[in-house]
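Visitor: Could you work out the structure for the sequence below:
(one chain, ligands or ions: 2)
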Amino acid sequence: MSIATGLPEDFKADDYDMLVVGAGYAGSVVARRFAESCGAKVCVLEMRDHIAGNAYDCYDEAGVLIHQYGPHIYHTFNSRVNSFLSRFTEFTDYEHRVLADVHGTLMPVPFNHASLKLAFGEERGEELYQKLVATFGENKKVPIMQLREKNDPDLQEVADYVYENIFLYYTMKQWGQTPDEIDPSITGRVPVFVGDDDRYFPQAPYQGMPAEGYTSMFERMLDHDLIDVFVEVDARQILSVEGNHVVVQGKPYGGEVVYTGPLDELFQCDAGALPYRSLDMRFETLAMDRFQPVGTVNYTTSEDFTRITEFKNMTGQELEGVTTIMREYPLAYDREAGMDAYYPIIEPENQELYQQYRDRVGMIANFHPAGRLAEYRYYDMDAVTASALDLSDEIIAAHA
Ligand code: FAD
Ligand code: UDP
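Guide: Ligands and ions are numbered 1, 2, ... in the order given. This is a model prediction of the structure:
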């Protein structure tokens, strides 16, 4: 592999069997698999000055390993994903735990057995817990919007508490809308957990942190003789979609193209811009060993930011007398202001707009939109990897 900055003057896309736009999970997984399975030459173009997409991590000025684009915790039920990624890194045994600050009391999120007792007191908490167990069974996940539909007064009491104190204010900050107004799959990501597991990803068999960080994992994934990576290159300088062709350097391109950027940008947003939520991430380095008891504390009833992450608590990095924390302030996404598009806004109107763009590339057999931007999906890292493994299976089969 080589990583170069900018494209050389004599760059020829025709020298490659595949062009990959974006060096995040979607692009890097397909690049690696196509190169090693088909002996194909792959060119990866990345507009940022680094690989790894939003999973990028690096050392800050104080020497603390930080996640530049927000806290990333690897977790999956998918053994294929885990085996693939494990080729490029070992994972630590880190298990993410989150506490919600509810009017000054810290309680586990997802809301669980222990949270019930903290919220309602030992005795009443236990009574309510037994009711949840009798209704849903032990070690079950119950999305808040589902719990709210139950008619039982005890379950209503729990649902009201959790809705008001865990979801309402946090969701208003994050999305500018109430939990009732957003797609239920979003609050469903953090279901009430009827059990004692206090991990943020209860029951997930594989979870941890890449032992030397995400960026190192991507370096190894892209480290292949047949893969060339060019950073600080916006692919749109050389690539466009015209009719039913991908045009690269002025002529129809015959190789495969895996595009992981936003589809609307490929068409200058001519049918309208796809909306996103963004985040202002404010990092602060403090002269202390440890700031908070867990990796992330969610502020669910107070503050303008949603959560504070302390990176050392997640990475396990040992560094005395210094720590870096980060607060996330949600924002409406403004492309012109150079913000990052973090979260697609899952609403029927936006899905329809997305589909319009998708239809315009649907007939181009060698053009493959992939990943959270090009598919306009709220994807976790494991889900993007799974989908990229499937896409590479298809491409490899077509070249067999
Ligand atoms: P990206 O990582 O965004 O990669 C796409 C790349 O394409 C980018 O590097 C971009 O610069 C590049 N690109 C775009 N357009 C062009 C162009 N025209 N030319 C060249 N390059 C281009 N997932 C988890 O599993 N666990 C977590 O804890 C977690 N935490 C998260 C926290 C936050 C705040 C956010 C926003 C996301 C989190 N995720 C988490 C999700 C995770 O970031 C994504 O699943 C994953 O990074 C998506 O990979 P991707 O390749 O689809 O996209
Ligand atoms: N959420 C909430 N309170 C919490 C945690 C999550 O209201 O303490 C809601 C909020 O709407 C959020 C969604 O659940 O956007 C998904 O949370 P998750 O932690 O999965 O978000 P991400 O890590 O992807 O930002």
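Visitor: distance between the strand or helix carrying E349 and the chain's centre?
Guide: In the assignment (DSSP states H and E), E349 maps to helix 348-361. From the chain centre to the centre of helix 348-361 is a distance of 21 Å (C-alpha atoms, centre = their mean, to the nearest Å).
Visitor: Return the set of buried residues in that helix.
Guide: Residues of helix 348-361 classed as buried by neighbour count (16 or more other C-beta atoms under 10 Å): 350-351, 353-354, 357, 360-361. C-beta here means a position set from N, CA and C on the backbone, and glycine is covered the same way.
Visitor: would you turn the residues you listed into CSV with pLDDT and distance to ligand 1?
Guide: CSV is the format used below for the buried residues of helix 348-361 (pLDDT from 0 to 100; distance: C-beta to the nearest ligand atom, whole Å):
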residue, pLDDT, distance to ligand 1
N350, 98, 17
Q351, 97, 17
L353, 98, 18
Y354, 98, 15
Y357, 98, 14
R360, 97, 16
V361, 97, 14
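Visitor: the strands in the stretch 151-300 of the chain, which residues?
Guide: Secondary structure of the stretch 151-300 of the chain (DSSP state E, counting those that start in this stretch): strands located at 192-194, 206-208, 227-231, 239-242, 245-248, 251-252, 256-259, 276-286, 296-299.
Visitor: could those be laid out in JSON lines, adding mean pLDDT and mean neighbour count?
Guide: Output for these, formatted as JSON lines (pLDDT from 0 to 100; neighbours: other C-beta atoms under 10 Å):
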{"stretch": "strand 192-194", "mean pLDDT": "98", "mean neighbour count": "25"}
{"stretch": "strand 206-208", "mean pLDDT": "98", "mean neighbour count": "20"}
{"stretch": "strand 227-231", "mean pLDDT": "98", "mean neighbour count": "21"}
{"stretch": "strand 239-242", "mean pLDDT": "97", "mean neighbour count": "16"}
{"stretch": "strand 245-248", "mean pLDDT": "97", "mean neighbour count": "18"}
{"stretch": "strand 251-252", "mean pLDDT": "96", "mean neighbour count": "11"}
{"stretch": "strand 256-259", "mean pLDDT": "98", "mean neighbour count": "24"}
{"stretch": "strand 276-286", "mean pLDDT": "98", "mean neighbour count": "16"}
{"stretch": "strand 296-299", "mean pLDDT": "98", "mean neighbour count": "21"}
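Visitor: which residues sit against the helix holding E349?
Guide: For helix 348-361, the surrounding residues in contact (C-beta atoms under 8 Å, 6 or more residues apart in numbering) are 241, 263-264, 266-267, 271-272, 274-275, 344, 367, 369, 376.
Visitor: what does stretch 151-165 give?
Guide: For stretch 151-165, contacts defined as C-beta under 8 Å, 6+ apart pick out 100, 102-103, 111, 116, 119-120, 127-128, 131-132, 135, 144, 147-148, 150, 179, 192, 300-301.
Visitor: Got a quick PyMOL command for the buried subset of those residues?
Guide: Of those, the buried ones can be selected in PyMOL as follows, counting by 16+ other C-beta under 10 Å:
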select buried, resi 100+102+111+116+119+120+128+131+132+144+147+148+150+179+192+300+301
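Visitor: The stretch 201-350 of the chain against ligand 2: which residues are in contact?
Guide: 298, 300 (C-beta under 6 Å from any ligand atom).
Visitor: Ok, the stretch 51-200 of the chain next?
Guide: By C-beta under 6 Å from any ligand atom, the residues of the stretch 51-200 of the chain that approach ligand 2 are 100, 109, 166-167, 170-171, 174, 186-187, 189-190.
Visitor: And these, which two are furthest apart?
Guide: A100 and I186 (16.7 Å; C-beta to C-beta).
Visitor: Can I get the helix or strand harbouring E328 as CSV, trimmed to CA atoms?
Guide: According to DSSP H and E, E328 maps onto strand 323-332. Provided in CSV are the C-alpha atoms of strand 323-332 (Å, rounded to 0.1, in the frame of the first residue of the first chain):
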residue,chain,number,x,y,z
THR,A,323,-7.0,13.5,30.6
THR,A,324,-9.1,14.7,27.6
ILE,A,325,-12.8,14.9,27.6
MET,A,326,-15.3,15.9,24.9
ARG,A,327,-18.7,17.5,25.0
GLU,A,328,-21.2,17.0,22.1
TYR,A,329,-23.4,20.0,21.2
PRO,A,330,-25.9,19.0,18.5
LEU,A,331,-26.5,21.3,15.6
ALA,A,332,-28.6,21.5,12.4
